[in-house]
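S.K.: Need a 3D model of the following:
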Amino acid sequence: VYSIGILFVSFFMSGIRQGLAMSIFLYAYKYIEKKQWKRYYLCIVFAIGFHSSAILYLPVYFLNRVEFKMRNVFIFPITLLLSPFISGIMSKVSSEIGLYTAYLSGGSVNSSDLIYDISLLFLEALTFFTYWKLPRNIKSKDQVQLSMNFQILILFMMGLIYVLPTSTRIIMLISSLNILIVPRLISYIKDSRVKVLLIMSFCTILFFVFYNYIIKYNYYETMPYSIQWNGLVFTPKILN
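M.R.: Numbers count the residues shown, from 1 in each chain. As a prediction, this is how the structure comes out:
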């Protein structure tokens, strides 16, 4: 009763519900690859029941019909430049459908963090490098194209990092898919030395994020201790 009274349960249940929605999407990804749209959308409707942010999964099914081109990576700087204009469109659309209206109209839409943002960019750069090292005659070409189309979508969303409400959480809705995509891409590489180098590079960046947010700053009190700087407990903005 006390935890409900201080909103502890309701606050953390939001994160748990979004995590469940993300997990359902990870499960449904195989239906995008198999082009089984009925099963995919049945899963996504179920995910929306846990968290409304899963609505963003509805259009991504059609990425299996798009041909991947490396030049599409320029969507990231273009989106960054157009973000003020896109922000106005998003505010208008959100007011019409009633989704994230409070965030966009309240003037505090951003929850990004510099260390985390740079780490995401490095992870994406490594993913594209992995693609560049793949054999040209790979048998699973359709799966690889779909995987890289999702990387373009992640870059697009990262270009909107200062526009999207709770941007890090929304980007994570899609970037979590790399839990499946990256190991698969690495498995296609035949050169064992390159494969080991990529695994170590990915692990290094992920450990860097873990160290900064969990070990150093004990983000969301994950560890049973707290860190103070000049008498103040430091709380990163990420995911807030």
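S.K.: Which element, helix or strand, includes the most centrally placed residue in the chain?
M.R.: To find the centre residue of the chain, average its C-alpha atoms and take the closest one (CA atoms, centre = their mean): that gives M172, at 2.3 Å. For M172, the host element (DSSP states H and E) is helix 167-175.
S.K.: Quick one: mean pLDDT over that helix.
M.R.: Here helix 167-175 scores 86 as its mean pLDDT.
S.K.: got it, and stretch 129-149?
M.R.: Across stretch 129-149, pLDDT averages out at 91.
S.K.: Over to stretch 45-60?
M.R.: The pLDDT scores in stretch 45-60 average 93.
S.K.: Other residues contacting it?
M.R.: Stretch 45-60 is touched from outside by 14, 17-18, 20-21, 24-25, 28, 32, 41, 44, 99, 150, 153, 169-170, 173-174, with contacts defined as CB atoms under 8 Å, 6 or more residues apart in numbering. Where C-beta positions appear, they are placed from N, C-alpha and C, glycine not excepted.
S.K.: any idea how far it is from the chain center?
M.R.: Here stretch 45-60 shows a centroid-to-chain-centroid distance of 14 Å under the convention CA atoms, centre = their mean, to the nearest Å.
S.K.: likewise stretch 197-206?
M.R.: Between the mean C-alpha position of stretch 197-206 and that of its chain there is a distance of 18 Å (CA atoms, centre = their mean).
S.K.: Just the buried positions in the longest helix along the chain, please.
M.R.: The single longest helix within the chain, with elements called by DSSP state H, is helix 8-33. For helix 8-33, the neighbour count (16 or more other CB atoms under 10 Å) marks R17, Q18, L20, A21, M22, I24, F25, A28, Y29, Y31, I32 as buried.
S.K.: Which stretches in this protein count as strands?
M.R.: In the chain, the segments counted as strands under DSSP state E are 228-229, 232-233.
S.K.: any idea how far I189 is from K139?
M.R.: Computed as CB to CB, to the nearest Å, the I189 to K139 distance reads 14 Å.
S.K.: again with T127
M.R.: The spacing between T127 and K139, counted by CB to CB, is 20 Å.
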